[in-house]
Each structure stands twice: as structure tokens, then as C-alpha cells.
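Enquirer: sequence isn't available, so here's the structure alone:
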């Protein structure tokens, strides 16, 4: 094996990579977009919470309470509690059946039915949409509407009591001024209860938790990018080179299959590592992801080796798929069948401890998951590698063995693939 030939293959692969705009997008731009989306979704910064908007239908049970229903809708839309980031879109509906139908279809968050009660009172029934993917929103809607009508009932009761006190005091000489003062104080206390809600920016613990989440998400995106680039991209590229005759033309020179394999391995690892750099800078520098190890330390070097082994594993898997599935389309389908379940069940979308038991069992033995788990636990959470030493060593040995198998099979099968494509 001659180093000059291997270097020539590396240069050729890098040039082809840089000329392919689609590959550049999926290798560099897409991971940055994915990480930004994850951080915005799962780790927003302080003050980034958005206002909640809820849709409410107010239905009068009869013509006698139609005016009250209109007033209710008007006051529901008013910001009666300015401390809450809540916007209420309240409208009056004339028919309970149509309102309930809209509620069941998810167009509304709640339906308020206003009916005449006994003794001149009103009865209010609140129907809240349940069984949605966001139970916290359901509870917010229910609590907000209950609090609103509970406060309305208190004001009505206070009004009745005020009228009674004033009417009684007017019959007793000298009592009216004192009664008026008491009534005024009661109304002042009801209208200004002295309660306020103050937003607090997360302290050191909250900020540290967010930075760890961002760090974990960053490494997750790096490992998923490796799987896409190495397994999916590698499988399609190897099959495509054989099918289109590139491999036959390359091997018709003095280049040996082993030299070509070595050049491919070096170039793919270098390109995967290069594509991980912008993602790491965005996550750990721009978004403030936690990094529990020093850059220039033995631990950092060990973690870098684990990341490179993960890239080697992805490359080996993709190359083997490309060898045995000769059309690029078939190779890509098989590679995606491997990659997507690995990401979903391997602890890349969600931490392993959040996975159901069957999926967690898969993540415990999957080499990609083991390498990612060891890297993230040590790099982000500062845990000792000794707790992950046995599965990590097994995953590294399995990855190196798969790489060796891929090297041997490629040296033997590449000439045959080249001849079949001729």
C-alpha cells in the first residue's frame, strides 16, 4: 500500500464532496438547522416563553341570558389578569350542539354554557377539551376559566352584600357613613387584592440545567449526522460508484482495492469530523452548551477517540450495505431502515432513561447508543468513564472488528463489483 495513492484518493473524495451541493447541505447546514430547532423546542432561554392563546365559545342557554353571554365574552377577552401571558379569543355561539362539535374536533379549547338559575342567579357550565397531546394546556384552560367565573361570583356576592348593608344602614341614623366606608374598603380589597406574579430568571441551577440539555442535544445531533453521512450516505455512494463504472475505471489503474478503501476511510472520517465542528461550535459556544471536560485534557482526547470510533462504525456499516446491495436505491433504503430505528429507539431523540423498557434494552446493547451515551455522560454531565467502561470497550472492539471485516470484504468484492458493472 502506497501513501501517495491513498492521499490521491483522499483528495479526489474531498473534491467530489465539495462539488456536491446537496451533500454539503445535509452535512453542514442541516445539522445546524436541526440543533437550532431542538434548542428552541427543548431548551429555550429565559424570557423566550410565548403567550398562550385559547379559543372559547360562550353559549347562552336561553334568550334571557343572551346579554349576559355577550358581556361574558367581552370580559373574557379583556386582560383582567395582566400577570399571565394568556390571550383569550371568546365568541358567542347560538347553538350548544355546534359549539360542542367544534370542541370535539379541536377547533375550540372550551365551551361555556350560561343558563338561568333559581332566584335570579345564573348557572355556568365549562366544557374543556381533554385527551390532547398537551395536558398542561388542558389544566391551564380549566383553571383559568374556573378562576374567572369564581371571581365573577365573588363580585356578584359582594354587590348583593353591599346593597343590603347600604339599605340597612340608611335606616339607622348616623350609621350610613360608617357602612359606606366599610363597603368601599371591601370593594377596594376585592378589586386590588395585592397579589402579583413576578417572573424570575433561572438561577445558577436552572441555567446549568439548560446548558446541559443544550450540550446533550449538540452531541445527539453530531452522532445522528454521523449515521446519516456514514451509513446512509456511505451505502449510497459505494453502490453508486460500482453501478456507474467509477470503481471499474479506478481499479483499472495501478490502484489496489485496499489503497482505495484506505483513502475512502480517511476521507469520510475527515469529512464527518469537519461537519461536526460547526455543530459543536453552535451548540457549545453560541447556545452555551455545557462541557464538563477541559479542551486540552486526557479526557477530551479520549472522548474525541470515541467520536471517531462512532464515525468509523458508521462508515463501516454504510460500506458493507453498499457492497451487498448493488443499486444505490436499495442500499439507501436498507441504510435508512437501520438508521431511523436506531435514532428513535437508541436514546438519540430522548435520553435512555425516558425510553420504555424494550427500547431502553435496545439502547443498552446498540453500539451507536453506547458510544453516544458514554460520550455525552462524560463530556456534558462530568461523570466518570469508569461507570461506562465495560460497554464502551465492547462497543469500540465491535466497531474496530466491523471496520476490519469491511476492509477485508471490500478488498475481495470490489474487483468483482467492478467487473459486474462493466
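Expert: All right, it came through fine. Everything numeric here is computed off the predicted structure, so don't read it as measured data. Residues are numbered from 1 along each chain as shown.
Enquirer: tell me how far residue 53 lies from residue 301.
Expert: Distance, residue 53 to residue 301, by C-beta to C-beta, to the nearest Å: 50 Å. (Each C-beta comes from the backbone N, C-alpha and C, glycine too.)
Enquirer: go on, residue 16?
Expert: Taking C-beta to C-beta, one finds residue 16 at 31 Å from residue 301.
Enquirer: higher neighbour count, these two?
Expert: residue 16 (14 against 11; other C-beta atoms under 10 Å).
Enquirer: backbone phi and psi for the more buried one, please?
Expert: phi -60, psi -40 (degrees, to the nearest 10).
Enquirer: which residue, other than its chain neighbours, is closest to residue 376?
Expert: Nearest residue to residue 376, sequence neighbours excluded (C-beta to C-beta, 6 or more residues apart in numbering): residue 219, at 4.8 Å.
Enquirer: now the one you found, what's its secondary structure?
Expert: Following DSSP: H, G, I helix; E, B strand; the rest coil, residue 219 is assigned to helix.
Enquirer: now do the same contact list for it.
Expert: 283, 372, 375-376, 379-380 (C-beta atoms under 8 Å, 6 or more residues apart in numbering).
Enquirer: and those, which two are furthest apart?
Expert: Spatial extent of those (C-beta to C-beta) is set by the pair 283 and 372 at 14.3 Å.
Enquirer: ok but residue 124 is inside a strand, no?
Expert: Yes: under the criterion used here (three-state DSSP), residue 124 sits inside a strand.
Enquirer: quick check: bridge partners of it?
Expert: residue 114 (DSSP bridges).
Enquirer: now for it, how many residues are close by?
Expert: Residue 124, neighbours per other C-beta under 10 Å, totals 21.
Enquirer: next one: residue 14
Expert: Neighbours of residue 14 (other C-beta under 10 Å): 16.
Enquirer: low-confidence stretches in the stretch 201-350 of the chain?
Expert: Counting by pLDDT under 70, the stretch 201-350 of the chain contains low-confidence ranges at 201-207, 244-248, 250-252.
Enquirer: which stretches of it form strands?
Expert: For the stretch 201-350 of the chain, strands defined by DSSP state E, counting those that start in this stretch do not occur.
Enquirer: residue furthest from the geometric center of this protein?
Expert: Distance from the centre of the chain peaks at residue 173, with 70.6 Å (C-alpha atoms, centre = their mean).
Enquirer: and that one, how far from residue 181?
Expert: Residue 173 is 16 Å from residue 181, by C-beta to C-beta.
Enquirer: from the chain's centroid, how far away is the top helix by length along the chain?
Expert: In the chain, ranked by residue count with DSSP state H as the criterion, the top helix is helix 135-169. How far helix 135-169 lies from its chain's middle: 40 Å, per C-alpha atoms, centre = their mean, to the nearest Å.
Enquirer: which strands and helices sit next to that helix?
Expert: For helix 135-169, the contact count by 3 or more C-beta pairs under 8 Å, 6 or more residues apart in numbering; DSSP states H and E identifies strand 52-60, strand 86-92, strand 110-116, strand 122-128, helix 176-191 as packing neighbours.
Enquirer: what about 6 Å?
Expert: Packed against helix 135-169 by the contact rule (3 or more C-beta pairs under 6 Å, 6 or more residues apart in numbering; DSSP states H and E) you find strand 122-128, helix 176-191.
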